[in-house]
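J.: Sequence and computational prediction follow.
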Amino acid sequence: MAKWKSALSVQQWLQQLHSNGHSLALKELTYYKSKTQLLDLAVRKRIRSPHSGQYLAPHKGRGMEFAEVRHYQSGDDVRSIDWRVTARTGEAHTKLFQEEKERPVLMLVDFSASMQFGSQLLFKSVQAAHLAALIAWSACARGDKLGALVFNDQQHHEFRPQSRDKAVLRVFHGLLDSHKQQQNLIDSTGSNGSANAPAKGGPANGGPANTGLLAQLQRLNQLAKPGCTVYLLSDFAVLQQGDSPAIERELQRLARHCEVVACVISDPFEQHLPHYPEAVNVRSHQGQFSLPLHDAGFRRRFNQQAQQLGALRQQKLARYCHSLVEITAAKALEQQFYEGSL
């Protein structure tokens, strides 16, 4: 099975995923409903909160949700005595409560300018949407509540945790709208984030106050209840900018009471430039420039710098996140799971 799938061509993978690689459609998100076995949403590390966990506690005790009334027994908390039943029956009765410990799943999905890139199979933004779909369907299958913050360079969409398929579809429509909006913004500016487009980092970089990874993490800290599992889906390019210390503080704050899983979406072209007989003109969220791919010295310096920046990003995320997952946009998620890279 794994060998057969790894032998698929790019076009065959795109056909199987119902994707064109650069835009989003609902069909490619619903595709992952049958793939929930790929992802284990079980908490892998003990969350730093006494309220961790999701399911009903196995024992009955003093808590939030009323369970039943029974005869008072020696050792019961006298504060839980049901005086009405006691007066009516003439025998002491006590209330029992069943403590519900929720672990909603929250996703932060980045569709900003630097995510609108891909050199082989998918744009990073499309891969992030596919991973978000897999996480969403897996949460739904487990009965977990699902919420999300989806943002681009113009605005963000906020979905408070809800359960069942309806919550998944709400998030999917948010993904579709946000992704299309970002690509329309790119089309209107004529490049992948021109000088007139909002910057990824938010106000510090000239972008709107309510966009950017920093602003979204601040909002996420307001929404996330203790015990949540939080998935961050981004290339985290902003960690190389001036907002990095503030972002790290928000990550540290979030990790105090939630399990934080950083999913770093990357593309091979960003880490290793290929050889080409002539210079290539490139437009990106940083502007327009030329890449002398024929120059071996330039490629070597670029690759070294990319490795250093990648290692620094990994170090920062590993310091505050409970789990760190590297995901490439050059391969389908299924293929990466089958190959054991995830």
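T.: Yes, it's here.
J.: Shouldn't Tyr231 be within a strand?
T.: Yes - under DSSP: H, G, I helix; E, B strand; the rest coil, Tyr231 sits within a strand.
J.: how near is it to Arg219?
T.: Separation of Tyr231 from Arg219 (Cβ to Cβ, to the nearest Å): 15 Å. Using the backbone N, CA and C atoms, a C-beta is placed for each residue, glycine as well.
J.: Settle it for me: which of the two has more neighbours?
T.: Between Tyr231 and Arg219, counted using other Cβ atoms under 10 Å, the more crowded position is Tyr231 (24 against 17).
J.: Quick check: bridge partners of the more buried one?
T.: Met107, Val261 (DSSP bridges).
J.: Identify the residues contacting it.
T.: 105-108, 131-132, 135, 261, 263 (Cβ atoms under 8 Å, 6 or more residues apart in numbering).
J.: what about it, distance to Gly147?
T.: Tyr231 is 11 Å from Gly147, by Cβ to Cβ.
J.: what sits in contact with each of the two?
T.: With contacts defined as Cβ under 8 Å, 6+ apart, the residues shared by Tyr231 and Gly147 are 105-107.
J.: Could you provide these in TSV, with additional columns for pLDDT?
T.: Below are the shared contacts of Tyr231 and Gly147 laid out as TSV (pLDDT from 0 to 100):
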residue	pLDDT
Val105	93
Leu106	95
Met107	97
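J.: Please check those and keep the buried ones.
T.: By neighbour count, with 16 or more other Cβ atoms under 10 Å, the shared contacts of Tyr231 and Gly147 hold 105-107 as buried.
J.: Surely Phe298 touches Pro292?
T.: Yes - between Phe298 and Pro292 there is a contact at 5.0 Å, judged by Cβ atoms under 8 Å.
J.: measure the residue of the chain positioned farthest from its centre to Gly310 for me?
T.: For the chain, the residue at maximal distance from the C-alpha centroid (Cα atoms, centre = their mean) is Gly90, at 56.3 Å. In this view, Gly90 and Gly310 are 73 Å apart by Cβ to Cβ.
J.: How about Lys33, nearest residue that isn't a chain neighbour?
T.: Trp137 (4.8 Å; Cβ to Cβ, 6 or more residues apart in numbering).
J.: Ok, Val105 next?
T.: Ala139 (4.1 Å).
J.: what sits against that neighbour?
T.: Ala139 sits next to 41, 105, 145-146, 168 when contact means Cβ under 8 Å, 6+ apart.
J.: Out of the residues you listed, who's the most crowded?
T.: Leu146 (27 neighbours).
J.: can you tell me how far that one sits from Ala133?
T.: 11 Å.
J.: Quick check: Glu278 touching Asp295?
T.: No - between Glu278 and Asp295 there is no contact under Cβ under 8 Å: 10.3 Å.
J.: Which of the two has more residues huddled nearby?
T.: With neighbours defined as other Cβ under 10 Å, Glu278 and Asp295 compare such that Asp295 has more, 14 against 8.
J.: where do the helices sit along the stretch 101-250 of the chain?
T.: 124-142, 164-189, 213-223, 244-255 (DSSP state H, counting those that start in this stretch).
J.: Could you measure from Glu250 over to Ala237?
T.: From Glu250 to Ala237 the distance is 16 Å (Cβ to Cβ).
J.: Equivalent analysis for Asp165, please.
T.: Counting by Cβ to Cβ - Asp165 and Ala237 are separated by 33 Å.
J.: Neighbour count for the two, which is higher?
T.: Ala237 (22 against 13).
J.: how about the nearest residue to the more buried one, chain neighbours excluded?
T.: Ser114 is the one closest to Ala237 (Cβ to Cβ, 6+ apart), at 4.5 Å.
J.: Would you confirm that that neighbour contacts Gln240?
T.: No - with contacts counted by Cβ under 8 Å, Ser114 stays clear of Gln240, the gap being 10.3 Å.
J.: The two: who's more crowded?
T.: Per other Cβ under 10 Å, whichever of Ser114 and Gln240 has more neighbours is Ser114, with 22 against 13.
J.: so which of the helices of the stretch 101-250 of the chain comes closest to Arg79?
T.: helix 213-223 (32.6 Å; Cβ to Cβ).
J.: who does the closest one touch, helix- and strand-wise?
T.: Helices and strands touching helix 213-223, by 3 or more Cβ pairs under 8 Å, 6 or more residues apart in numbering; DSSP states H and E, are strand 105-110, strand 146-151, strand 156-162, helix 244-255.
J.: Return the set of buried residues in the third one.
T.: So that's strand 156-162. 156-157, 159, 161.
J.: ok so, going back, and which of the buried ones among the shared contacts of Tyr231 and Gly147 is nearest Ala246?
T.: When these are compared against Ala246 (criterion: Cβ to Cβ), the nearest one is Leu106, at 20.1 Å.
J.: can you give me the strands for the stretch 1-150 of the chain?
T.: 65-71, 93-98, 105-110, 146-151 (DSSP state E, counting those that start in this stretch).
J.: Give me the neighbour count for Gln335.
T.: Neighbour tally, Gln335, other Cβ under 10 Å: 18.
J.: How about Tyr32?
T.: For Tyr32, using other Cβ under 10 Å, the count is 24.
J.: and it, what does it touch?
T.: Contacts of Tyr32 by Cβ under 8 Å, 6+ apart are 130, 133-134, 136-137, 333.
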